[in-house]
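Participant: next input, structure requested:
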Amino acid sequence: MNTMKKLTSLLLFLVLSVLSLQAQQAKYVFYFIGDGMGTNQVLGTEMYLSELKGEIGVTPLLFAQFPYAAMASTFSATNGVTDSAAAGTALATGHKTKNGSVGVTKDQTEVSSVAVWAKENGYRVGVSTSVTVDHATPASFYAHQGDRGSSYQIGLDLIKAGFDFYAGSDFDDPTNFRASRREGKTYDNLYDLTQKAGYTLARGYKDYQKKAKKAEKMILFQTEEASAIDRASIPYAIDRKKGDMTLAEITRAGINFLSKDASKGFFLMVEGGKIDWAGHANDAATTFQEVLDFDEAIKVAYEFYEQHPDETLIVVTADHETGGLVLGNGAYALNLQALKAQKVSEGNYTAVLKELRKKHKNQVSWETIQASLKEYFGFWDTIQLRKGQEEQLKAVYEKSFGAEAANMERNLYQQNEPLAGAAKRILNQIALVSWASGSHSAGYVPVYAIGAGAEKFVGQIDNTEIPVKIAEAAGFER
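Facilitator: Below you'll find the predicted structure:
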């Protein structure tokens, strides 16, 4: 009798243990990657928010308040400073690779990602971004290419992976234009190929809402009009106009679509891709607005978490830091609130200057330029310039708007008017921030987590550990 009682107690203990383990597993997984978002991008945004309230300190972003946090190293298999392809591959697959490769190891062996593990375990899967869907970070979750620039082949890999939901600004090279021009032949375009593979293409969030109910698989891009202006990305938050698609809308669409089958869990990766672009441009005001916008997308996921707290895991991290952002440039002070005066990104101010050139047939007066700088950067209004700063702006104006043709300033993703670059740099100086370079750095990136399995994300870790920990939290077999 005592033996029977012991066996019954043991069986009950085992059943309860299994049920407890199942309850702790993440049925819904959100993986947010802020491209280029180092610790100072996060801290700077929080200190900026406090300065706007007249305070010195931090006003925490939502994701920075998650109960578990870690610091991750980011070096690649071949470089102390990683690129987005190698870092994306580490975050997606748990494997280091050489800079420039996606979804393969250093020796070009294909490796599967946590998104694939989720799909193989019966989860619905989405991969999304604010830049092209075939860019390095999203591509790392479904593609296997030695060269991140093989956009068309990455697009074919997207179809082959067969995930349920993809979103971004557009395809980078839907017709394989570069190869077709070189080889003198025509390739099937990716829009037709995705349709044949069963995907419904929605153009903009409103179009998504119309088509989502009947769609079996979905690709969400910005409107054709927006892609005609810039297919490479959705607009920066600081430049956003009514009707522009947002990362929060992309996240909301992803949740909505992946939740269509309530019997399945889901995995959704969301990349805030343009934090990195603003970092390459050394544009502090635009960087902080992108981090704030990234937080808005995470709030959408957090709303879902609040409805399913025992079954949802949210992990937020970055692939690397961009720009070597420094908060303070010598004085024991910051003046981040000055960045509020900037109304557009450096790139969009370049567009403003181009319109002035066109309107005035390249005979733009200094007074007209002053009025423009006042409107878009607050100079001579909310932002007072020192004599040397005003002289610097005028010298750049005279050189770039004079008889001599303007030499555009280049960063990784854009070419900008010299005056736009000068205005941005002066405002950075006034805000007391500086940048080490226009490229990536090897600094630690933050990791934040909340929900089922979030306790795994603590301490000092490597980026390759993150997808493995996600898989453990969700109980994925690999």
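Participant: use CA for all of it now, contacts and neighbours both
Facilitator: OK.
Participant: what does stretch 324-344 contact?
Facilitator: Stretch 324-344 has contacts (Cα atoms under 8 Å, 6 or more residues apart in numbering) with 40-41, 44, 47-49, 51-52, 238-239, 279, 284-286, 375-378, 382-383, 427-437, 439-441.
Participant: try it again at 6 Å.
Facilitator: Around stretch 324-344, the neighbours that count as contacts under Cα atoms under 6 Å, 6 or more residues apart in numbering are 48, 51-52, 238-239, 285, 376-378, 431-436, 441.
Participant: from those residues, which is closest to Gly272?
Facilitator: The shortest gap between Gly272 and any of the contacts of stretch 324-344 belongs to Ile238, at 14.1 Å (Cα to Cα).
Participant: quick one, phi/psi of the closest one?
Facilitator: Ile238 has phi and psi values of phi -70, psi -20 when expressed as degrees, to the nearest 10.
Participant: count the neighbours of it for me.
Facilitator: Look at Ile238: counted by other Cα atoms under 10 Å, it has 18 neighbours.
Participant: now the one 4 residues further on
Facilitator: Applying the criterion other Cα under 10 Å, we find 5 residues in the vicinity of Lys242.
Participant: same check, this time on the one 3 residues further on
Facilitator: Counted with other Cα under 10 Å, the burial measure for Met245 works out to 24 neighbours.
Participant: help me confirm that it is found in a strand?
Facilitator: No. Membership of Met245 in a strand is not supported by DSSP: H, G, I helix; E, B strand; the rest coil, which gives coil.
Participant: relative to the whole chain's centre, how far out is stretch 123-136?
Facilitator: Per Cα atoms, centre = their mean, to the nearest Å, the displacement of stretch 123-136 from the mean C-alpha position of its chain is 10 Å.
Participant: find the least confident helix or strand in this structure, judged by mean pLDDT.
Facilitator: Of the helices and strands making up the chain, the lowest-confidence element is helix 2-24, at a mean of 48, by mean pLDDT, DSSP states H and E.
Participant: what strands line up against the helix or strand just after that helix, and which way round?
Facilitator: Remark: after helix 2-24, the chain's next helix or strand is strand 28-34, criterion DSSP states H and E. With DSSP bridges as the criterion, the sheet partners recorded for strand 28-34 are strand 266-272 (parallel), strand 312-317 (parallel).
Participant: let's have these in TSV, adding mean neighbour count, mean pLDDT and distance to Ala212.
Facilitator: Converted to TSV, the strands paired with strand 28-34 look like this (neighbours: other Cα atoms under 10 Å; pLDDT from 0 to 100; distance: least, Cα to Cα, whole Å):
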stretch	mean neighbour count	mean pLDDT	distance to Ala212
strand 266-272	27	98	17
strand 312-317	26	98	23
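Participant: turn the ones you listed into TSV, columns for distance to Asp107.
Facilitator: Compiled in TSV, the strands paired with strand 28-34 are given as follows (distance: least, Cα to Cα, whole Å):
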stretch	distance to Asp107
strand 266-272	26
strand 312-317	27
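Participant: and these: which comes nearest Asp172?
Facilitator: When the strands paired with strand 28-34 are ranked by distance to Asp172, counting by Cα to Cα, first place goes to strand 266-272 at 16.2 Å.
Participant: identify the residues contacting that closest one?
Facilitator: With Cα under 6 Å, 6+ apart as the contact definition, strand 266-272 has outside contacts at 28-35, 123-130, 294.
Participant: counting by contacts, list what the following helix or strand past that strand packs against.
Facilitator: The C-terminal neighbour of strand 266-272 among helices and strands, as given by DSSP H and E, is helix 274-280. The contact analysis (3 or more Cα pairs under 6 Å, 6 or more residues apart in numbering; DSSP states H and E) places helix 274-280 against helix 284-307.
Participant: and Lys119, how many neighbours?
Facilitator: As a burial measure, the neighbour count of Lys119 was computed by other Cα under 10 Å and equals 21.
Participant: tell me the SS of it?
Facilitator: Following three-state DSSP, Lys119 is assigned to helix.
Participant: could you do Glu55 as well?
Facilitator: Secondary structure for Glu55, judged by three-state DSSP, is coil.
Participant: quick check: pLDDT value at it.
Facilitator: Confidence per residue is given as pLDDT, and for Glu55 that number is 98.
Participant: equivalent analysis for Met408, please.
Facilitator: pLDDT for Met408: 82.
Participant: dump the residue contacts of Ile250.
Facilitator: When the contact criterion is Cα under 6 Å, 6+ apart, Ile250 has no partners at all.
Participant: tell me which element it is part of?
Facilitator: helix 247-258.
Participant: ok, now Ala70?
Facilitator: Using DSSP H and E, the element containing Ala70 is strand 68-73.
Participant: direction-wise, compare the helix or strand following that strand with strand 312-317 and give the angle.
Facilitator: Using DSSP H and E, the helix or strand that directly follows strand 68-73 along the chain is helix 84-93. Between helix 84-93 and strand 312-317, the angle formed by their directions is 160 degrees, by axes from the mean of the first three to the mean of the last three Cα atoms, to 10 degrees.
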